[in-house]
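Participant: with the input below, show me the fold.
(3 chains)
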Amino acid sequence: MTTSRGRLAVLFVVAAMGALVSSLPFFYMLGIAFESHALVLKQPPTFLPEQPTINNFVRAVTTAGFGRAFLNSVIVSVPATALGVLLSSMLAFGFARFHFPGNRLLFYSLILTLTVPALVLIIPQFVLIRQLGLFNTHWALIFVYAVGGLAFNVFLLRGFFEDMPQELFEAAIVDGANVWQTFRFIALPLAKPAIATVTIFTFLGSWDEFTWALTALQNPDLYTLPVALRFFQRAFGTEWGLVFAASTIAVIPVVIVFLAFQRHFVSGLMLGGTKG
Amino acid sequence: MQSIGHPWLRWAALLSTLALVTAACTATPVTTPAPAPTGQPTAAATSTPVAPATGTPTAPTAAPTASEPTPEAISGTVTYWAAYDQVGPEFRTMSEVVIPAFQAQYPGVTVDLQGIPYDDLRQRLITGIAGGEVPDLLRADIIWVPEFAEQGALLALDQEMEDFDELAGQVFEGPLSTNFWEGQYYGLPLDTNTRVLFANRAVMEEAGLTEMPTTVEEFEAMMAAIAELGPERYGYAEGGTGAWNVLPWIWSFGGALTNDDYTTSSGFVNGEGTVAAVTKLKEWLDAGYLSPSILGGGSPTSEDIGGGRAGTVLEGPWMPPIFEAQFPELETELAPVPAGPGGSASVVGGEDIVVFAQTQNKEAALAFLRFLLSEEVQLEMGKVGQMPVLTSLSGHAELPDYFDTFSQQLETARARTPHPNWPLIDEALGNAVLEALRGDKPVQQALDDAAATIDGLLQP
Amino acid sequence: MTSLASGSRAAPTGRRRRSQLRRALPIYLFLLPGLGLYALWMLYPLASALFMSFFDWQLVRASPFVGFENYARAFADPLFWRALVNSAGYTVVTVAGQLVLGLGVALLLHERLPLRSFLRLIYYLPVITSWVVVSLIFVYLYNGQSGALNWLLVDVLGFLQRDVAWLAEPATALWAVAALGIWKGIGWTMVVFLAGLQGVPQELYEAAAIDGAGRWPRFRHITLPSIARTTGFLLVALTLGGLSVFVSIFVMTQGGPLNSSEVLLTYMYKQAFERLDLGYGAALAYIFAAVFFLIALVELWFVRRRLT
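Facilitator: A predicted model of the protein is given here:
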């Protein structure tokens, strides 16, 4: 089996080189983040800082507003993800496992809204949060983020629930379980991989969203990370070391979430997402 | 591990509940209590008002006039938005000196200052107007005033303020005129500025130059000498082709954007003087005098001059404090824009202070507005690069020396077209100059096309 | 739960329909929270936006009703067509790039390579990095005077004679942003393809190996057909992503130079937030939605007909 081993070695080299090229921009960012002085536009570009320092990271963390923004992003993203995942799995379960008048109509009108870019809704959603008294609160972000990914999540999850064996549910019906109980105790535990997948998507979407957060919040104490980062970049001008240090810190939570759910991620997509 | 369904959900529910509670707690607007008037010495409060050079006494504008309520009777929060960098010297002086001094005088009033980057500020104002959530006061770019006034978003101050005429009489006429739209004044000037020629002294010495140019011919010779120094060395760097960038040259070459009534641009934006100016810019670019960064995609011009790659730039009065922080080694020489056939003409910039029609707290907002126009505050902000608009302060000893060049330039500087469609006019001009400089179109044709577009935009 | 079977084909009588609805009541209640929030936060704003598109929307004053004028304006607006063409170009290039490279990487990492999970994470990193951040990094890479890309192409490889301002050249700006789009999307495409590849029955390969089929025929006749549904899903999802490009263009070129990178969403955004022409912006949004909807329908039809 030497040919197989040799082949794997070649493939590994190719994959590793691709990974290197793909991550070059990040090395560039990290190099700048660890660079001690601000004048970063040097030619040739240096990936290894000449005088490495963690000064930028210390400054980023201690700069007024950054720690607060990090916390705000957690405060917004976690409930938005929980709410979004719960609602979309309930909807997908209902659409997948029940026949009722309006099933297809409701499902397809939900899917139809996938064609509307989120940006379109900024002004009317802004008026809405004013009417509901949610302007300048994190609720405005939580609801919009939870609902923003709903259609896509339902689309992913419905196929997953459809593929579950019917016998499981028939047994539950015989035992007299209601809709919620069947969902809660039978479907949901089996849907773990798919849930992991939509969790990653929803969390990512909430963590990175910029335009709506900028519009719905006015109090700097409530800013989330993308808004704070942008303000950071504007405020510190060419101090890219600081900006990129802050950016690096902002990436860490998504890496953690991805690593935590990664094992289920692929299988979740396999079972759910690829169904038409 | 297999049945994470239940605990997972429980966790999610717990987490979300926790987070929601926290969110609800932080959602209440944070109002910082007004600092105690005692034991809080501030620069504005301690600096004794200096009599203006002319010796004529001026009314203490900070104090309310007889018809206004007393400071103690006014209370509430005034939200004030300004395009200040949150770490910049202007923001620091405003939040650490000016506002505490005001709050000491008006113990019942809290000023909530928000420094918002320029581009973001505009978008938030628009969504804010749409949703009914705007600040009480705004430090507005002078070119925004007609646009927001046209939208019906601003209070006409000449009707709202009994002492409007008095205040208007104390400020320069040019900046005041930027508040005028359709027969009414919607604001008062807050600060003014213009662009003058900055040169890097080290680069000048390297090129064997000792004198700042006064004419376009001398400027050309200077650029040639600097460009000689080597590849990637430029006489002059400009950050773009928009009106703010190229109008000094257009005017100095005797060109114009529109007629004096702002009703037509044909014969002006494509007239002889404008064509001559743009043709000259193209010559400079092709000769390597002018940095290609004018076409975009390069570094900020401040880095060009700071790093010695370019010899000169046109910049505003806020730049010296920034240069000092970013390029401590940089020494600059200042001079008015080199004079061409149309003389030395630059472009007027600056900010106005406007009150939003939706304000809930007009009295307090107007009190703070008056305070911002007082000599003490104007002087204090002048020290961080904001040129005062009070005529009484011109040439004041406490203001930076470099303001002299700007004051001199302001005598001939002109305003951009006050029109609600200004952003579109600006874009049409910028695109035409860019096309001409890139060589996509002959200069005359590019500007003819711009004239057709701008004529359409000027129609009511 | 076919116990709640839908009524027969025959038109139900009033009583039957009522009982049908009553039996479906628990499921309606179950769906209510999701649908209710969705109606409030998506459908209601959508309807408001549609409403706005028929007005010359004014921020404060009364807005005059203009009927379909905003829509007619779009079709007569050369910049709208420019944005549409640019969006189409961006989408075609990024979808193709992501599909090809994503599949390539997925095939590599489907093999039992050492450090496989780590490599997957590396390829996935761009996906989970904020658009604002990656756009800023690329602005630096593309700098026209001393950016890393120019250094590589001019000073190291010698492919170019002089520095190019990638984001300031009308000929290159859109494609420079598209390159970022591809780079950022490879990881996501890879993960979805990996999921699809896991579903390919191993017996098929074994059978083909016995038949002595080479690598290419195996890929062509086993792998590709087996992941057709995955590919179809990706095609639609990536098209949606490509047509929705906004933050990267907004941060890197603002649609310039000379509108060469103006896409539908940046153009709509400018109409709404820079020109205060909210009604026109809303009309553009609806046209855009219709365009995507048609494209999605065509793609789905293609996937059904040709791939499966």
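
Participant: for the residue in chain B positioned nearest to chain C, which three-state class applies?
Facilitator: Relative to chain C, the nearest point of chain B is residue B:297 (2.8 Å; C-beta to the nearest C-beta). Every residue, glycine included, has its C-beta placed from N, CA and C. Of the three states, residue B:297 takes coil under DSSP: H, G, I helix; E, B strand; the rest coil.

Participant: mind listing what it touches?
Facilitator: Residue B:297 makes contact with C:142, C:143, C:144, C:165, C:166, C:167, C:168, C:169, according to C-beta atoms under 8 Å, 6 or more residues apart in numbering or on different chains.

Participant: name the nearest residue to residue C:175, sequence neighbours excluded.
Facilitator: Spatial nearest neighbour of residue C:175, chain neighbours left out: residue C:93 (6.9 Å); criterion: C-beta to C-beta, 6 or more residues apart in numbering or on different chains.

Participant: over to residue C:50?
Facilitator: By the measure of C-beta to C-beta, 6+ apart, the closest residue to residue C:50 outside its immediate chain neighbours is residue C:286, 6.4 Å from it.

Participant: distance of the one you found from residue A:110?
Facilitator: Applying C-beta to C-beta, to the nearest Å, the value for residue C:286 to residue A:110 is 18 Å.

Participant: who has more neighbours, the two?
Facilitator: Each of residue C:286 and residue A:110 has its neighbours counted (other C-beta atoms under 10 Å in any protein chain shown); residue A:110 has more, 24 against 19.

Participant: now the spatially most central residue of chain A. Its backbone dihedrals?
Facilitator: By C-alpha atoms, centre = their mean, chain A has its centre lying nearest to residue A:204, at 1.1 Å. Dihedral pair for residue A:204: phi -60, psi -50, per degrees, to the nearest 10.

Participant: distance of it from residue A:226?
Facilitator: Between residue A:204 and residue A:226 the computed distance is 12 Å (C-beta to C-beta).

Participant: cool, and residue B:437?
Facilitator: With C-beta to C-beta as the criterion, residue B:437 and residue A:226 are 35 Å apart.

Participant: am I right that residue B:192 is in a helix?
Facilitator: No. Assessed with three-state DSSP, residue B:192 is strand; it does not lie in a helix.

Participant: against residue B:199, how distant is the closest residue in space to residue B:218 that isn't next to it in sequence?
Facilitator: Once flanking residues are discounted, residue B:218 sits nearest to residue B:338: 6.6 Å by C-beta to C-beta, 6+ apart. Distance, residue B:338 to residue B:199, by C-beta to C-beta: 11 Å.

Participant: over to residue C:40?
Facilitator: Separation of residue C:40 from residue B:199 (C-beta to C-beta): 60 Å.

Participant: between these two, who's got more neighbours?
Facilitator: residue B:199 (24 against 14).

Participant: residues contacting that one?
Facilitator: B:212, B:222, B:311, B:312, B:332, B:333, B:334, B:335.

Participant: residues touching the last one, list them.
Facilitator: Neighbour list for residue B:335: B:196, B:197, B:199, B:212, B:213, B:214, B:405 [criterion: C-beta under 8 Å, 6+ apart].

Participant: what mean pLDDT does stretch B:428-436 have?
Facilitator: Mean pLDDT, computed over stretch B:428-436, is 96.

Participant: if you skip the residues just before and after it, what's nearest to the residue nearest the centre of chain B?
Facilitator: In chain B, the C-alpha nearest the mean C-alpha coordinate belongs to residue B:350, at 4.2 Å (C-alpha atoms, centre = their mean). Leaving out its chain neighbours, the residue that sits closest to residue B:350 by C-beta to C-beta, 6+ apart is residue B:192, at 3.9 Å.

Participant: thought the one you found was touching residue B:390?
Facilitator: No. Between residue B:192 and residue B:390 there is no contact under C-beta atoms under 8 Å: 10.3 Å.

Participant: between those two, which is the more surrounded one?
Facilitator: residue B:192 (26 against 22).

Participant: contacting residues for that one?
Facilitator: B:172, B:174, B:175, B:348, B:349, B:350, B:387, B:388, B:389, B:410.

Participant: from those, which one has the minimum pLDDT?
Facilitator: Ranked by pLDDT, the contacts of residue B:192 bottom out at residue B:174 (83).

Participant: the residue nearest to it when sequence neighbours are not counted and residue B:172: what is the separation?
Facilitator: Computed as C-beta to C-beta, 6+ apart, the closest residue to residue B:174 that is not its neighbour in sequence is residue B:348, at 6.1 Å. According to C-beta to C-beta, residue B:348 and residue B:172 sit 10 Å apart.

Participant: please apply the same query to residue B:437.
Facilitator: Here residue B:437 is placed at a distance of 34 Å from residue B:172 (C-beta to C-beta).

Participant: between these two, which is the more surrounded one?
Facilitator: residue B:437 (22 against 19).

Participant: that one reaches residue B:283, doesn't it?
Facilitator: No. Residue B:437 is beyond contact range of residue B:283, at 10.2 Å (criterion: C-beta under 8 Å).

Participant: spell out which parts of the stretch 351-460 of chain B neighbour chain C.
Facilitator: For the stretch 351-460 of chain B, the residues in contact with chain C (C-beta under 8 Å from any C-beta of the partner chain) are B:357, B:423, B:424, B:431, B:434, B:435, B:438, B:440.

Participant: what's the neighbour count on residue B:397?
Facilitator: Look at residue B:397: counted by other C-beta under 10 Å, it has 7 neighbours.

Participant: tell me which element it is part of?
Facilitator: Following DSSP states H and E, there is no helix or strand that holds residue B:397.

Participant: which strands and helices lie in contact with the helix or strand harbouring residue B:166?
Facilitator: Element membership for residue B:166, per DSSP H and E: helix B:164-168. With contacts defined as 3 or more C-beta pairs under 8 Å, 6 or more residues apart in numbering or on different chains; DSSP states H and E, helix B:164-168 has these neighbours: helix B:157-160, strand B:187-194.
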